[in-house]
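Chemist: Quick one, what's the 3D model for this:
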Amino acid sequence: MYLLQWLICSDSSMFWSALTAIFTGITALAVILAKRQLQFQAWLKAQDLFTHPKFIQARSVVYSLKGRPYTAWSSTEAESAKYVCRKMDELAHLIPYLGRKKALSVWDNPIARTWSILEEFIRDERSSSKANWLRKWYAYEDIGKKCISRIA
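Modeler: Modelled structure (predicted):
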């Protein structure tokens, strides 16, 4: 209290400089806390996405397709593959908010496994007359290739 009175009475510019420094520190702390909250919310979203029962079931279907050409998949299997691609792409878009190192330490194996099974299917899906979308699921492709090189 005496310090505050001394600052106010002795030199008002020093008081305002100190007050500015204090509020700058508080603002920096608020920005740091907001960033951590954003990361936490992204983590919760990613966990929710990855542990959703429909996604777990679709991944199981995709894992069972290993070694089979995508042209031999049933329509149900192809739909499961598309669902996994959509959700993996969504997860890949969340990774910058989670931190790549942390996210890949948790999910590199399932991402790499599904990518290795779905890569050819995705290439065909992109160039099909229905989609004709060359950047479809590009975030999944990017992270899938990185995961394969990590675990290889």
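
Chemist: Now do the helices in the protein.
Modeler: For the chain, the helices defined by DSSP state H cover 2-10, 12-51, 53-64, 75-98, 100-127, 138-151.

Chemist: What I need now is those written out in JSON lines, including mean neighbour count and mean pLDDT for each item.
Modeler: Using the backbone N, CA and C atoms, a C-beta is placed for each residue, glycine as well. Conversion of the helices of the chain to JSON lines gives the following (neighbours: other Cβ atoms under 10 Å; pLDDT from 0 to 100):
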{"stretch": "helix 2-10", "mean neighbour count": "10", "mean pLDDT": "60"}
{"stretch": "helix 12-51", "mean neighbour count": "12", "mean pLDDT": "86"}
{"stretch": "helix 53-64", "mean neighbour count": "15", "mean pLDDT": "96"}
{"stretch": "helix 75-98", "mean neighbour count": "18", "mean pLDDT": "94"}
{"stretch": "helix 100-127", "mean neighbour count": "17", "mean pLDDT": "92"}
{"stretch": "helix 138-151", "mean neighbour count": "18", "mean pLDDT": "91"}
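
Chemist: and stretch 93-102, how far from the chain's centre?
Modeler: Taking the mean C-alpha point of stretch 93-102 and that of its whole chain, the gap between them comes to 5 Å (Cα atoms, centre = their mean, to the nearest Å).

Chemist: could you dump that stretch to CSV, C-alpha only?
Modeler: Provided in CSV are the C-alpha atoms of stretch 93-102 (Å, rounded to 0.1, in the frame of the first residue of the first chain):
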residue,chain,number,x,y,z
HIS,A,93,-7.2,-30.7,-39.5
LEU,A,94,-7.2,-30.6,-35.7
ILE,A,95,-3.6,-31.7,-35.3
PRO,A,96,-2.1,-28.1,-35.7
TYR,A,97,-4.1,-27.1,-32.6
LEU,A,98,-3.1,-30.2,-30.6
GLY,A,99,0.6,-30.1,-31.5
ARG,A,100,1.9,-32.5,-34.1
LYS,A,101,4.3,-34.2,-31.8
LYS,A,102,1.7,-35.0,-29.1
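
Chemist: Contacts for it, please.
Modeler: If you take Cβ atoms under 8 Å, 6 or more residues apart in numbering as the criterion, stretch 93-102 is touched by 38-39, 42-43, 45-46, 49, 103-104, 139, 143.
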